[in-house]
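A.B. asks: Predicted model and sequence below, questions to follow.
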Amino acid sequence: MLRESASSSCIAATERNDSVSVHSAGVVPPSMSDRWFAWRNRKLADPRFHRWARRNPLTRYIARRRARELFDLCAGFVYSQVLSSCVELSLFDILEKGPLSRDAISRKAGLDREALDVLLRSAISLKLLEQRPSGKIGLGVHGAAMLANPGVSSMVQHHAFFYRDLNDPVALLRGNNDKTLLSMFWDYSNGHAADPGKQPYTELMSASQAMVAEQIIESYPLRAHQRLVDVGGGDGTFLRAVGKSAPDLDLVLFDLPAVVARAEAGGAAAGIAQRDTAQLDGAQRIERIGGDMFKDALPGGADIVSLIRVVHDHDDDEVLQLLGRCRAALPQGGTLLLAEPMAVERVGDPASDAYFGLYLHAMGRGKPRTPNELKALLSRAGFERANEVRTHLPMLVRMLVARAS
């Protein structure tokens, strides 16, 4: 007993001495949380622990769920290609009016039965489609939702570029390919394209902008303002949606001249009036002004300026320059509305960090920023009281509202 007590005292003394020496050497010992994470990771890396967790009734559900999550990470690309195939073959449109037999779907999709069965089973497992009690195939919960959001289908088709750029993701991260397909597709955002108004850029932005516009309109009272300038507004999809909800609000679209020309042509085709013509369907007239937001002064006279999915496409120096131009266009107390996908503070978010992070890296410019990072840029540009306004789908778009100081 005496020997054990002496031994314990020696060990304790040694630990105290080690602790003193560690602190004196400037090395910070691991924190309680670090020790916890180290213990957890050792367990998760131990095959024996996994076997025990799978067999234990109390941990079996968690073990299975984690295994499924890890499998989904491995198989995620295959899942996305199942969705892409359904979109390319127009399966959701084919089944919009009701379920059909496999033979009928085969004829309409132009796919032989054996290959179709492979796709149908895949799509059913992902809840894109579902088999009805009659044996016919109908829309699943996700497939029906795709019909309600045509912008998602446009993005799925556009992902063909993104996936090709991700063929060698490590090479992409190392910058071995400085001319990616995404960078060429979005070249109009640099202002270097010969005729950006004719590029698929505007069409893709328009298709997905409707969902974003709905989130903004439902979350912020635009009716409280008199004149809105939408910078980088593309074909005017956002402003047309605003016009229906706030008919007394003066609307100004500012974008590159070729894009504005396309917006005018599209607006005329859709019955959207010019300044000197009559209104239609409650959507008031939109004034369209061509210019470069990084070179030209922004239109004045507005009490609110909007940047919808613009800032995250650019690097910090360009963003600061753009925000400065927005401040110059606003009177003191004027409002800046900034809406786009944003990174989540501290905790990673798959939508903003994994998806948009890699997407913008492949595009060659911009990044998803946290609200605090954006607030810091707004403050440097002359804005104050920047507050986040919650939207119903923050995964799709988050919003900051700031006042010109």
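C.D. replies: In hand now; what should we look at? Numbers count the residues shown, from 1 in each chain.

A.B. asks: Could you identify the helix or strand that succeeds the lengthiest helix in the chain?
C.D. replies: When secondary structure is assigned using DSSP state H, the longest helix within the chain turns out to be helix 60-88. Counting by DSSP states H and E, the element after helix 60-88 in chain order, helix or strand, is helix 91-94.

A.B. asks: Identify each buried residue in the helix or strand following that following helix, please.
C.D. replies: Of the helices and strands lying after helix 91-94 in sequence (DSSP H and E), the nearest is helix 102-109. By 16 or more other Cβ atoms under 10 Å, the buried positions in helix 102-109 come out as 105-106, 109. Using the backbone N, CA and C atoms, a C-beta is placed for each residue, glycine as well.

A.B. asks: cool, stretch 375-383 as well?
C.D. replies: Applying a neighbour-count criterion of 16+ other Cβ under 10 Å, one finds 375, 377-378, 381-383 buried in stretch 375-383.

A.B. asks: Next, the residues that contact that stretch from outside, please.
C.D. replies: The set of residues external to stretch 375-383 that reach it, using Cβ atoms under 8 Å, 6 or more residues apart in numbering, is 316, 319-320, 323-324, 326-327, 336, 338, 369, 386, 400, 402-405.

A.B. asks: Flag the shaky bits of the stretch 101-250 of the chain, pLDDT-wise.
C.D. replies: By pLDDT under 70, the weakly predicted segments of the stretch 101-250 of the chain are 187-206.

A.B. asks: Against which helices or strands is the longest helix of the chain packed?
C.D. replies: On a contact count with 3 or more Cβ pairs under 8 Å, 6 or more residues apart in numbering; DSSP states H and E, helix 60-88 meets helix 47-55, helix 113-125, helix 150-165.

A.B. asks: If I take the second one and helix 102-109, what angle do their directions form?
C.D. replies: Comparing the axes of helix 113-125 and helix 102-109 via axes from the mean of the first three to the mean of the last three Cα atoms, to 10 degrees yields an angle of 100 degrees.

A.B. asks: what are the pairing partners of the helix or strand just after helix 113-125, and which direction each?
C.D. replies: From helix 113-125 onward toward the C-terminus, using DSSP H and E, the following helix or strand is strand 129-131. Strand 129-131 sits in its sheet next to strand 137-139 (antiparallel), going by DSSP bridges.

A.B. asks: Can you give me every residue that contacts Asp250?
C.D. replies: Applying Cβ under 8 Å, 6+ apart, we find Asp250 in contact with 226-228, 284, 287.

A.B. asks: between these, which is closest to Leu307?
C.D. replies: Using Cβ to Cβ, Leu228 comes nearest to Leu307 of those, at 11.7 Å.

A.B. asks: Quick check: beta-bridge partners of the closest one?
C.D. replies: Following DSSP bridges, Leu228 is listed with bridge partners Leu251, Ile304.

A.B. asks: quick one on the thing from earlier: generate a PyMOL selection restricted to the buried subset of the contacts of stretch 375-383.
C.D. replies: Selection of buried members from the contacts of stretch 375-383 for PyMOL, criterion 16+ other Cβ under 10 Å:
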select buried, resi 319+323+326+327+336+338+369+386+400+402+403+404
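
A.B. asks: what two of the contacts of stretch 375-383 are the furthest from one another?
C.D. replies: Longest span within those, Cβ to Cβ: Asp316 and Arg403, 21.7 Å.

A.B. asks: which residues in the stretch 251-400 of the chain form helices?
C.D. replies: Counting by DSSP state H, counting those that start in this stretch, the segments of the stretch 251-400 of the chain that form helices are 257-269, 316-329, 357-363, 371-380.

A.B. asks: can you redo the ones you listed as TSV with distance to Asp72 and mean pLDDT?
C.D. replies: As requested, those are arranged in TSV below (distance: least, Cβ to Cβ, whole Å; pLDDT from 0 to 100):
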stretch	distance to Asp72	mean pLDDT
helix 257-269	39	71
helix 316-329	34	96
helix 357-363	17	88
helix 371-380	29	96
